[in-house]
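Asks: with the sequence up front, the predicted model follows.
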Amino acid sequence: MIRLMRAAVVVLAAALALPTAALPTAALAQTTTTTTAPGVQITPSLVQRDLANRDLTQKVTVTNNTDGPRQITVTVSGLGHDLDGTPQFVEPASIAANLRVDATSFLLQPGNSRELTVTARIPTSPPSLYGAVIAEFAVPGQQSGGAVESHTRVASLFLLRGPKPWTQTAEIADVGATPGGNGQPATVFATVVDTGNVHIRPSGTARISQNGTTLATVDLPAANVLPGFARRLSGTWTPPPGLTGAVQIDVTVHDPDATGSGTVTFTKGMAQVPGGKIVQIHTEPGPRVVTTVENTGTAPLRPAITVTASEGGGERARKVIVATTDLAPGARADYTWEPGLPDGLYTVKAELRQGNDLLDQGATGLRVGADPSTTRTHSSSNKAGAGGAAVVALVLVAGAIVLAVRRRRLRGQEPGLL
Amino acid sequence: MKIRRTIATVTTAGAIVAATAAGLAPAAHASQNVDATLGSSVTLDATGATNVTGWALATTGANTTSGGTLGVSSNSPYTLSVTFDKTRMTEWDTTLGTPAYVASGKTLTSPLTVTPTRTGGTAPVPTLTAGAVSGTSTLLATGVGTGSDSYSLSLSQPTTIADSALTTGHTYHVVLTYTASSTLG
């Protein structure tokens, strides 16, 4: 009570002491008190802009909040994502000419910051640019080696759209549900493919029914999808414990509009779904692109892998590999493609499907031919054919998404996707 | 992220009542607009994640060791991912002036896996174990809000009698790259 009375006195005193003139609008001293988290910081960590013109200059600050100096190496990568929206840094970056940084390597003392100037130029087509500025940091003079060598980095993501017109279109490539396990709710999802030329942020609802009776309606929250990529919009649902048989899921998505549907078989409240993962995309002299697939489901998997290589926004090569035999649960298999690409930098995307189910998606950068630059070389490079041979890159699929979607429209007439 | 607030000088009900009771007119008040920007940021603390050296693998076994710790601080949702330069630990020649992979060198049969365990903070950790993935990101953790999170990393490298022993000066090697970034939103 005493504390409250004191507060009231303070408030009253403040009210009586108020000046009648407006407060000055300038010349107020600014004081910044910072509580720093240990480590190396990058800010802003996400730059999402719609530009009135095609050029952007953006400051990105790297700060060393450790207790010792750090050697910073700055690179640029392309940007993609997996079905869950986890960023994928596409390296080497085919967009490097459109996203530049004014520094590549410097020493940063404890407590110090370095402001980088990032310049972006959005191409005419597509009218968008997706990339990342990556700051890798290490203790100066630290030797590479050891059984397991750790590299650490922070990234600033750039999602840029240029002047309109844009093409904002979407298709739903897959609708399904995955069991939660251990009494957890099931995840109901719709895999939305951005078929336009800029990123989109769709949201929607899923109506779940059985034999014409609605069981539930699930919200699918909005998420960013980059052009050419697919992302699952997902919500949770607790199915009745005894639910058995085919369940229909009808999805409606907005911004942009799209619809889709799928059927999931349940057994005693548990969704029965196929599972598969791209565990590896690597290149070999040739060049050959090898995609390793693992059956992560509980039933045999007959995978179809679509690999595309694109350059400057245009698809340059594509391969659809359809397995001729089933993969047993837990088994892995390699699928190889020799694309015959001319020298250059490519963005490679791979999709893993079984029938109409899109199971996984990956992206990487691929260099075919010699690397003309003299940029940093780790003894452990992602580039294929280590040892001085021309780095070969490769890979997978792209327009496959469009192909798959188109074929999906024909579902029923064309059994067995792809 | 922009925060806009209007700060009106204090006019609590209690103050007005008190001022009126005292025969005073209510105090005039001025307003002040305050605009401030707050940029998104991600910080990665890797002081606890050092190279693993001298890892003596058993001829047959699970071979688990600590990969150290990582800390992430962010004022927006973030992801922590790991990429591998090789899909399997690969023969590495330490006798060279600059150690390097051996051309067509031997590889271990099973992939290395990285398992994160949250040791503090608020981020949910996926139940999935990151496996060997070359060229693609593998999610280790997603932070859903602001604050700091810390993770302990466990490395597992299964071996069998089918995995070849190496000559002196050669080891099995792999590079892990941990990246902290914002989510795509």
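Replies: All right, it came through fine.
Asks: any stretches of chain B with poor pLDDT?
Replies: B:1-27, B:123-137, B:145 (pLDDT under 70).
Asks: would you map the helices across it?
Replies: B:13-21 (DSSP state H).
Asks: find the residue at the geometric middle of it.
Replies: Closest residue to the average C-alpha location of chain B: B:Leu80 at 3.9 Å, with CA atoms, centre = their mean.
Asks: quick check: that one vs chain A, distance?
Replies: 10 Å (CB to the nearest CB, to the nearest Å). All C-beta spots, glycine's among them, are computed from the backbone N, C-alpha and C.
Asks: residue contacts, that residue?
Replies: B:44, B:70, B:72, B:116, B:139-143, B:151, B:178-180 (CB atoms under 8 Å, 6 or more residues apart in numbering or on different chains).
Asks: count of residues packed around the residue lying closest to A:Ile42 once chain neighbours are set aside?
Replies: In this structure, A:Ile42 finds its nearest non-sequential neighbour in A:Val154, 4.2 Å apart by CB to CB, 6 or more residues apart in numbering or on different chains. Using other CB atoms under 10 Å in any protein chain shown, A:Val154 is surrounded by 31 other residues.
Asks: name the element A:Val154 belongs to?
Replies: Assigned by DSSP states H and E, A:Val154 belongs to strand A:148-161.
Asks: quick one: the strands in chain B?
Replies: Along chain B, the stretches classed as strands by DSSP state E are B:2-8, B:31-37, B:42-45, B:64-74, B:78-84, B:90-93, B:100-101, B:113-120, B:138-143, B:147-156, B:170-182.
Asks: tell me which other helices or strands the third one touches.
Replies: With contacts taken as 3 or more CB pairs under 8 Å, 6 or more residues apart in numbering or on different chains; DSSP states H and E, strand B:42-45 sits against strand A:40-43, strand A:148-161, strand B:64-74, strand B:170-182.
Asks: same question for the second one.
Replies: For strand B:31-37, the helices and strands in contact under the criterion 3+ CB pairs under 8 Å, 6+ apart are strand B:2-8.
Asks: show me what the residue lying closest to A:Thr178 once chain neighbours are set aside is bridged to.
Replies: Distances taken as CB to CB, 6+ apart put A:Thr187 closest to A:Thr178, at 4.8 Å, once the chain neighbours are dropped. Bridge pairing for A:Thr187 (DSSP bridges) gives the partners A:Thr178, A:Thr236.
Asks: how much space between A:Thr187 and A:Val264?
Replies: As judged by CB to CB, to the nearest Å, A:Thr187 and A:Val264 stand 11 Å apart.
Asks: and what of A:Ile305?
Replies: Distance from A:Ile305 to A:Val264, by CB to CB: 23 Å.
Asks: between these two, point out the one with more neighbours.
Replies: A:Ile305 (27 against 20).
Asks: pLDDT score for that one?
Replies: Here, the pLDDT recorded for A:Ile305 equals 91.
Asks: contact partners for B:Gly143?
Replies: With CB under 8 Å, 6+ apart, B:Gly143 has these contacts: B:72, B:74, B:77-80, B:121-123, B:149.
Asks: beta partners of it?
Replies: B:Tyr78.
Asks: excluding chain neighbours, give the residue nearest to residue 120 in space.
Replies: No chain in the question, so chain A it is. According to CB to CB, 6+ apart, the nearest residue to A:Ala120 is A:Leu56 (4.4 Å).
Asks: looking at chain B here, not the other one
Replies: B:Ser150 (4.4 Å).
Asks: next, the contact list for that neighbour, please.
Replies: With CB under 8 Å, 6+ apart, B:Ser150 has these contacts: B:45, B:69-72, B:118-121.
Asks: at 7 Å what do you get?
Replies: By CB atoms under 7 Å, 6 or more residues apart in numbering or on different chains, the contact set of B:Ser150 is B:69, B:71, B:119-121.
Asks: again with B:Leu184
Replies: A:81, A:85, A:87, A:157, A:224.
Asks: need the max-distance pair from the residues you listed.
Replies: A:Gly85 and A:Leu157 (11.6 Å; CB to CB).
Asks: looking at these two, which is more packed in?
Replies: Shown here are A:Gly85 and A:Leu157; by other CB under 10 Å, A:Leu157 has more neighbours (27 against 21).
Asks: can I assume B:Ser110 is in contact with B:Asp163?
Replies: No. Using CB atoms under 7 Å, B:Ser110 is not in contact with B:Asp163, being 8.3 Å away.
Asks: any idea how far A:Leu366 lies from chain B?
Replies: For A:Leu366 relative to chain B (CB to the nearest CB), the value is 9 Å.
Asks: helices of the stretch 251-400 of chain A, start to end?
Replies: For the stretch 251-400 of chain A, helices defined by DSSP state H, counting those that start in this stretch occupy the ranges A:400-409.
Asks: what's the neighbour count on A:Arg54?
Replies: 16.
Asks: now A:Asp194
Replies: If we define neighbours as other CB under 10 Å, then A:Asp194 has 25 of them.
Asks: ok, it touching A:Asn224?
Replies: No. Counting by CB under 7 Å, A:Asp194 does not reach A:Asn224; the two are 9.1 Å apart.
Asks: between A:Thr187 and A:Val264, what contacts are shared?
Replies: Common neighbours of A:Thr187 and A:Val264 (CB under 7 Å, 6+ apart) are A:Ala177.
Asks: distance check, the spatially most central residue of chain A against chain B.
Replies: With distances taken as CA atoms, centre = their mean, the residue of chain A nearest its centroid is A:His81 (1.8 Å). Using CB to the nearest CB, one gets 6 Å for the distance from A:His81 to chain B.
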